[in-house]
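Q: Following is a predicted model, sequence given first.
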Amino acid sequence: MHTTRYQPSASRPASAGASLLVLAAVGFGATLVGPTLVPILKDPPIEVIPIQLDPPKPDPKPIEQVRDKREAVPTTQPLPNQPDPVVPIPGAGNPIRSTTGFDPVPMDPPADPGPPSGGTTVVDPPKPPVMIGATVDPRYADALQPPYPNSEIRAQTEGRLVARVLVGVDGRVKAIEILKTPSKGLSEATRRHALSKWRFKPATRDGVPYEDWMTMTLSFKLVD
């Protein structure tokens, strides 16, 4: 019987070296593939600030709708125009037609409301007075012409004389001013005659007599 002893082959050292290379490669790969350490950042602390809130407002009360309690008035449609009824009267030749005509009643104008209330009274402006100037009294119209002086007749003096007279409240001449004259003799004759014979209706203010001036014009002419 032959016993065969085990003898390692010559390639054993080579396989052992190959195993070491495989382990070294695995270890180096593990270092490359291994987890990467990442630094952990911490957030800053949160500061809580209390905020005061207003108390909640109460709910508004519902507005109650006010309903019109007045009763609705039913509207009526106008009746169509119908002819007036004809009422026959026994014994009458023609029927009488009833009518509903009426005469209009005159209305009075509205009354004056008067001054406005409130303590303020509106006062109308005063009316101007009624002024009437002095006039010649027709009862004494024939006495206006003064007599022709003889000296002026002989001198054949003619012309027009203008005088301004002050008429008093009694109608008499209180003063006279000669504005224009043909001669001195005619002026003196006119002055004397006016103060003694002339009469006027005095001037009035709202019916009250007062003194006033008026102008008179006289004509002196000789007649053959």
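A: All right, it came through fine.
Q: Surely P182 touches T157?
A: Yes - between P182 and T157 there is a contact under CB atoms under 8 Å: 5.5 Å. In this view, the C-beta of every residue, glycine as well, is placed from N, C-alpha and C.
Q: so what sits against both of the two?
A: Counting by CB atoms under 8 Å, 6 or more residues apart in numbering, the common neighbours of P182 and T157 are F220.
Q: Which elements pack onto the helix or strand harbouring S196?
A: In the assignment (DSSP states H and E), S196 maps to helix 184-197. Secondary-structure packing of helix 184-197 (3 or more CB pairs under 8 Å, 6 or more residues apart in numbering; DSSP states H and E): helix 150-154, strand 159-167, strand 173-180, strand 212-220.
Q: Count the residues that sit near I132.
A: Residues near I132, counting by other CB atoms under 10 Å, number 14.
Q: again, but for R139
A: 9.
Q: Please enumerate the strands of this structure.
A: With DSSP state E, the ranges of strands along the chain come out as 86-87, 96-97, 131-132, 135-136, 159-167, 173-180, 200-201, 203-205, 208-210, 212-220.
Q: D206 contacts K127, doesn't it?
A: No - using CB under 8 Å, D206 is not in contact with K127; the gap is 9.6 Å.
Q: Next up, the contacts around P58.
A: P58 neighbours (CB under 8 Å, 6+ apart): none.
Q: Specify the beta-bridge partners of the closest residue to R191 other than its chain neighbours.
A: Leaving aside its sequence neighbours, R191 sits nearest to I176 (CB to CB, 6 or more residues apart in numbering; 5.5 Å). Legend: beta-bridge partners of I176 under DSSP bridges are V165.
Q: For I176, which residues are in contact?
A: I176 is in contact with 163-166, 190-191, 194-195, counting by CB under 8 Å, 6+ apart.
Q: Could you tell me the model confidence score at I46?
A: If you check I46, the pLDDT there is 70.
Q: In this structure K180 contacts S187, no?
A: No - between K180 and S187 there is no contact under CB under 8 Å: 9.5 Å.
Q: Neighbour count: D206 and K127, which is higher?
A: A side-by-side neighbour count of D206 and K127, using other CB under 10 Å, places D206 first with 10 against 7.
Q: picking that back up, state the mean pLDDT of the helix holding S196.
A: So the average pLDDT for helix 184-197 ends up being 94.
Q: now that helix and strand 212-220, what's the angle there?
A: Orientation check (axes from the mean of the first three to the mean of the last three CA atoms, to 10 degrees): helix 184-197 against strand 212-220 gives 130 degrees.
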